[in-house]
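S.K.: pasting a predicted model and its sequence here:
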Amino acid sequence: MNWMRWKTLMTLNIPMIKPVLHYYDIAKGVVAFSTTRHGGVSKGQLATLNINPHRGDEPTAVATNLQAVATEIGVEADRFVRLHQIHETHCLTVTSEFFQLSKAQQAEKEEGKDAVITDCCNVCIGVHTADCVPVLFYDPTHHAIGAAHAGWRGTVQRIAQHTLEHMMEQYDTKPAELKVVIGPCISEKNFEVGQEVYDAFATANFPMDRIAKRHEKWHIDLPLCNQLQLEKMGVPASNILQSAICTYDNADDFFSARILKEGFGTIYTGIALR
């Protein structure tokens, strides 16, 4: 930690904490990670490392956790983009002008978005999840990044595909060059669904023989659903990193909505360009 950051923490009376992050090795000059439940100051079902301001957490706890994560990855806290997600497919494009807006104006831009892209350096973009699928994108040719929140509704609507399409339009991203991380989420064996969810995927023309299995009820493989979308667009399977971390099975370390039920915090899966 450098001297100026330490001085800022002391001035604001923010305790010095050490957040525990799960990192992904994408490329030199890129930091990609998921927060865990360890190393923060939030309490109860939000414990401990929640940086989502929309979960009913104490604002001071959120601010403390955010500052700790920012210090850990070397990006200023006011250069984090934190979407207010609604399980749709709207995508926010972040330019340098975004950070010239007031905090209220930035929050308005973040409202109702489930994906975000940027080519700005020293900016952390990401999504909040707790069983849903976080997807990170990196275009090494045009040095652009993206993040998408793919719950089952977003997955049915192919939000990963839409996010890549936005990157193709904005940055001329080529799918064959793209690197992707699919972060911690609920696994197929734990994602039991009703017939209506199975039917939604079938109606959307997903390959049900590959993504669905029948146990006592139907189970859907959400991480695979998102990978197949991207492969169909031309992203090589070898360029897609599956974290293979099931949030349900690892609820002590990662937030899981199905385990915690209500009042829980969220994982922030983020990416930043140096």
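M.R.: Happy to help now that I have it.
S.K.: where does this structure dip in pLDDT?
M.R.: 1-15 (pLDDT under 70).
S.K.: which parts of it are helices?
M.R.: For the chain, the helices defined by DSSP state H occupy 3-11, 59-73, 103-110, 152-156, 159-171, 195-203, 208-211, 222-232, 257-260.
S.K.: now do the fourth one: distance to the chain's middle.
M.R.: The one in question is helix 152-156. 15 Å (Cα atoms, centre = their mean, to the nearest Å).
S.K.: one step back: put together a markdown table for the helices of the chain, with distance to residue 50 on each row.
M.R.: From N, CA and C alone the C-beta is placed, and that goes for glycine too. Output for these, formatted as a markdown table (distance: least, Cβ to Cβ, whole Å):
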| stretch | distance to residue 50 |
| --- | --- |
| helix 3-11 | 19 |
| helix 59-73 | 6 |
| helix 103-110 | 17 |
| helix 152-156 | 21 |
| helix 159-171 | 23 |
| helix 195-203 | 27 |
| helix 208-211 | 31 |
| helix 222-232 | 22 |
| helix 257-260 | 11 |
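S.K.: and of these, who's closest to residue 251?
M.R.: helix 257-260 (4.0 Å; Cβ to Cβ).
S.K.: on that earlier part again, any chance of TSV for the helices of the chain, columns mean neighbour count and distance to residue 29?
M.R.: Converted to TSV, those look like this (neighbours: other Cβ atoms under 10 Å; distance: least, Cβ to Cβ, whole Å):
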stretch	mean neighbour count	distance to residue 29
helix 3-11	12	21
helix 59-73	20	13
helix 103-110	13	25
helix 152-156	22	29
helix 159-171	21	16
helix 195-203	14	37
helix 208-211	13	34
helix 222-232	21	22
helix 257-260	17	34
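S.K.: out of the ones you listed, the one nearest residue 126 is which?
M.R.: helix 59-73 (9.9 Å).
S.K.: Provide the count of other residues in contact range of the closest residue to residue 99 other than its chain neighbours.
M.R.: Leaving aside its chain neighbours, residue 99 sits nearest to residue 79 (6.8 Å; criterion: Cβ to Cβ, 6 or more residues apart in numbering). Residue 79: 17 surrounding residues under other Cβ atoms under 10 Å.
S.K.: just checking, residue 79 touches residue 126?
M.R.: No: Residue 79 lies out of contact with residue 126 (Cβ atoms under 8 Å); the separation is 11.8 Å.
S.K.: joint contacts of the two?
M.R.: Shared contacts of residue 79 and residue 126 (Cβ atoms under 8 Å, 6 or more residues apart in numbering): none.
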